[in-house]
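In: Can you look at this prediction? I've put the sequence above it.
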Amino acid sequence: MLQGIYEFIKSIFEPLGDYFIGSLVPVGSSFAADIDSLIALIAVFVGFWGLLAYIAFFFLIFRFRRKDGQRAKYVTGEEKDLKRWISWPHAAIIVCDVVIVFMAIMVWYNIKQRLPEADATVRIVAQQWAWNFIHPGPDGVLDTEDDIDTFNELHVQEGTLYHYELVSKDVLHDFSVPVFRLKQDAIPGRVMKGWFKPTITGTYDVQCAEMCGVGHGIMGARIIIETPEEHAAWMSQNKGQLASATTR
Amino acid sequence: MDVAKQGAARVGDDPLNGIEMAEAGSVTVDTHEAHGHEAHHEQSFWSKYVFSTDHKMIAMQYMFTGIVMALIGGYMSYAFRMQLAFPGQSVPGYGVVSQGEYNALVTNHGTIMIFWVAMPMLIAAFGNFLIPLMIGADDMVFPRINRLSYQIFLISAIVLIASFFVPGGGFGGAWTAYPPLSANAQYNLTPLGATFWIVAVALEFVAFLLGGINFITTLMNSRAPGMKMYDIPMVLWMIVIASILFMASVGPLIAGAVMLFMDQVVGTGFFDPNRGGDPILWQHLFWFFGHPEVYVVLLPAMGIVADIICTFARKKLFNYKLILFTVFATGIISFFVWAHHQFVAGIDPRMANVFTVTTLIISIPIAEMLFLYIATLYGGSIQLTTPMLWALAFIAEFLIGGVTGIFLGASGADIYFHDTYFVLAHFHYTFFPIAIIGFYAGITYWFPKMFGRMMNETLGKIHFWGTIIAFNCIFIPLFILGAAGQHRRIYNFQNFPDLAGLQDMRVFATGALIVMLVFQVVFLVNFVVSLIKGKPAGKNPWNANTLEWTTDSPPPHGNWPDGLPNCYRGPYEYSVPGRKEDYWPQNVPPDTAPAE
């Protein structure tokens, strides 16, 4: 039921979300449109109320400019007929807040709180100031002979649901992929789990979005999203050299 | 009523009997420690300007220290914005900005602007100057604690500046100083800079704890006879509530600062996961303070704006009590929102739901407060003087800061916006109105009282429009860059192929910043010239009601040498029907005119 309501509201704001955020950054994961739609919904709500507030604000300033011989009104603001100018917007804001909270929590739940069944798992190791990516290789399982380790280059396959295991060797980092609308801090001593499902192909930025020291500004990587054929070709190409590169 | 009794107890007379009260008031002045006595003696330079216990001089000390720190912070923003616009090129007046220097510049820009500019200018300078004057007292309750507070603050500022000149350079781990980066020299590579930084911040907290004790005690105990709780000018309520919020929230962070210091220097492992510590613990301690801190600096600015709007709209504040209740509500709720800074930081994901709800709840009283301010304009007789322009600009700009906060408080949207320039633009739309616009509003309004002369209105308006237009030109492009996924604290976006193409907007924002910085020269010129050659202000140039306007400008030592004033009504009785004048100062006894 809740998911149904959520999907309905989302579908209303999806085109606008695509216009606001999608025009700046490609919509690259299964949940990117959810986040864009939520942003659009908030933009419409706060934009509407913000605009009304500005209209009232500038109207009052121009309407009540000082004129000779005219005194200001003496009102305390506690009169009933005036108070409703505050209490009605107050109620409207509460209603808007409830809708925003509902949508925000649904988006959050779907992306961060839920862990759908995975097709494959990648391990992401952050360190000062580079990314190591451990791909499961052709067998689709981590920590086996055919794992593929790469440096600052993550290869994933379009349409596949990945789990990630995010770890850090030293300080806090943050695995951020703008096209996925995904962000997650890496914490030394913990394994952060999450998921993503790429829906487009191409090569995009991976950022470190948490201050991690002198080299924070160069701690970028590239994510290469491939079609199944390309991905298979890449795996078979790299299968041999990788076992030696694995240090674990 | 308790307050009235208290007032009566202070002077031993009926608070409504004006003439006798004034005499009784002067008796208190004489018995009050050294003030009556000192007034007859020429003070030496040192005791007047440096080791003063006079609240007005301490306010000036805070203000000028704040202005100096603001210039340093502004210079830093110039250096790192130039690096972003023209990566790798030598910045005129600075030189080449290295990666480490870039990090140190952004870190200390943030630290300085919040802890050494917003807090001293808004809370300490205006709090110290206004509290005794607006409640009709001769000084703070604890003048020596007040002096100590400034001295510790000055030391903290010196320690912070010194951190740039130690081996390894200034701390570059962001103003939030998340460990393990901030805790281990092997990670941050600034062993001394990081320690100096945390010591400076901790000292600054001590200074404001001392100041806060003083503000709260003074407001509660030293009000003029007859000044009831709802007769207190809004700006004082807000400064004192801010002090209470600060005192209630800073404890955990002082503990955290000590722990971080021990991790750095002694080798403990409070935040070191390899030794059983937890880096997330710091984030909780930091943001448990850090979020109320937003309201700590917001409220004084809101208060300044309230007083200015009433004066220049010639209006009573729209529903004083409701505004006050929204302030209380905001203050209380601000203790329950801190983890919205940590949605993606690795806290339990279910916690994000709780903090989304609380964060959106806090939008309600804040929005209501802004509505009430806008409603105050209704039916007014609005004069667009320079202080009024600043006060109105505060509302207009802060509104943008407020509504963009909703995007970040909503956990789902924050997954994308977290740590992008959208966040940066959002909080500059809150902190700039607070620290800079709020300060300019306050200083242009109270300058005549502080220095006895008027500021130049033409220069003031040039400065206003130059600053406001340039400010929006800096930060609106940064919202767009943030929406495009540009993340924070990166010294050169050419390292990120998807972001490299947006360079034009970065250059535009940097250009606007330079324009804005140049316009601050107009203010400094106006300030200095008006100090020397401004038109004499007289006691009450704005025809305002509050008590500070009933004494000389600038107020002498002891504030009211001829006896402290009494209070007969609320602070915003403007345009009362049936009175000849459109203002009714708080100290004027009720006459035959109809009183409330």
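Out: Received the coordinates, thanks. Residues are numbered from 1 along each chain as shown, chains lettered A, B, ... in the order given.

In: Ramachandran coordinates for the most centrally placed residue in chain A?
Out: When chain A is reduced to its mean C-alpha position, the closest residue under C-alpha atoms, centre = their mean turns out to be residue A:181, at 3.2 Å. For residue A:181, the backbone dihedrals are phi 60, psi 40 (criterion: degrees, to the nearest 10).

In: give the contact list for it.
Out: The neighbours of residue A:181, taking C-beta atoms under 8 Å, 6 or more residues apart in numbering or on different chains as the test, are A:21, A:29, A:31-32, A:35-36, B:415-416. Glycine gets a C-beta too; all of them are placed from N, C-alpha and C.

In: and what of residue A:174?
Out: For residue A:174, the contacting residues are A:183-186, A:207-210, B:344, B:419, taking C-beta under 8 Å, 6+ apart as the criterion.

In: Restricted to strands, list these.
Out: Here DSSP state E is the test, and the contacts of residue A:174 give A:183-186, A:207-208 as lying in strands.

In: Please list which of the residues you listed also come close to chain B.
Out: Restricting the ones in strands among the contacts of residue A:174 to those within reach of chain B (C-beta under 8 Å from any C-beta of the partner chain) leaves A:183-185, A:207-208.

In: before we move on, back to that, would you format the ones in strands among the contacts of residue A:174 as JSON lines with neighbour count and pLDDT included?
Out: JSON lines is the format used below for the ones in strands among the contacts of residue A:174 (neighbours: other C-beta atoms under 10 Å in any protein chain shown; pLDDT from 0 to 100):
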{"residue": "A:183", "neighbour count": "26", "pLDDT": "95"}
{"residue": "A:184", "neighbour count": "25", "pLDDT": "96"}
{"residue": "A:185", "neighbour count": "28", "pLDDT": "95"}
{"residue": "A:186", "neighbour count": "26", "pLDDT": "96"}
{"residue": "A:207", "neighbour count": "27", "pLDDT": "95"}
{"residue": "A:208", "neighbour count": "29", "pLDDT": "95"}
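
In: In JSON lines: the residues you listed, plus distance to residue B:477.
Out: Shown next, in JSON lines, are the ones in strands among the contacts of residue A:174 (distance: C-beta to C-beta, whole Å):
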{"residue": "A:183", "distance to residue B:477": "22"}
{"residue": "A:184", "distance to residue B:477": "28"}
{"residue": "A:185", "distance to residue B:477": "27"}
{"residue": "A:186", "distance to residue B:477": "30"}
{"residue": "A:207", "distance to residue B:477": "19"}
{"residue": "A:208", "distance to residue B:477": "23"}
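
In: Of those, just say which sits nearest to residue A:119.
Out: Top of the list for closeness to residue A:119, among the ones in strands among the contacts of residue A:174 and by C-beta to C-beta, is residue A:184 at 19.2 Å.

In: Could you check how far that closest one is from residue B:197?
Out: Distance, residue A:184 to residue B:197, by C-beta to C-beta, to the nearest Å: 28 Å.

In: relative to strand A:182-186, how tilted is the lengthiest helix in chain A?
Out: Secondary structure of chain A read by DSSP state H shows that its longest helix is helix A:32-63. Counting by axes from the mean of the first three to the mean of the last three C-alpha atoms, to 10 degrees, helix A:32-63 lies at 100 degrees to strand A:182-186.

In: For helix A:32-63, give the mean pLDDT please.
Out: The average pLDDT for helix A:32-63 rounds to 95.

In: elements contacting it?
Out: Using 3 or more C-beta pairs under 8 Å, 6 or more residues apart in numbering or on different chains; DSSP states H and E as the contact criterion, the secondary-structure elements in contact with helix A:32-63 are helix A:2-17, helix A:80-108, helix B:349-376, helix B:386-409, helix B:411-417.

In: Go through that helix and flag the buried ones.
Out: For helix A:32-63, the buried set under the neighbour-count rule, 16 or more other C-beta atoms under 10 Å in any protein chain shown, comprises A:32-43, A:45-46, A:49-50, A:53, A:56-57, A:60-61.

In: Stretch B:316-327 now?
Out: Buried residues in stretch B:316-327, counted by 16+ other C-beta under 10 Å: B:316-320, B:322-324, B:326-327.

In: quick one: average pLDDT of that stretch?
Out: Stretch B:316-327 shows a mean pLDDT of 95.

In: Could you do stretch B:175-193 as well?
Out: 93.

In: Are it and chain A in contact anywhere?
Out: Yes. Applying C-beta under 8 Å from any C-beta, one finds stretch B:175-193 touching chain A at B:176, B:178-181, B:184, B:187-189.

In: what's the first-to-last distance across that stretch?
Out: For stretch B:175-193, the separation between the terminal residues is 13 Å (C-alpha to C-alpha, to the nearest Å).

In: quick one: that stretch to chain centroid distance?
Out: Averaged C-alpha coordinates place stretch B:175-193 at 28 Å from its chain's average position (C-alpha atoms, centre = their mean, to the nearest Å).
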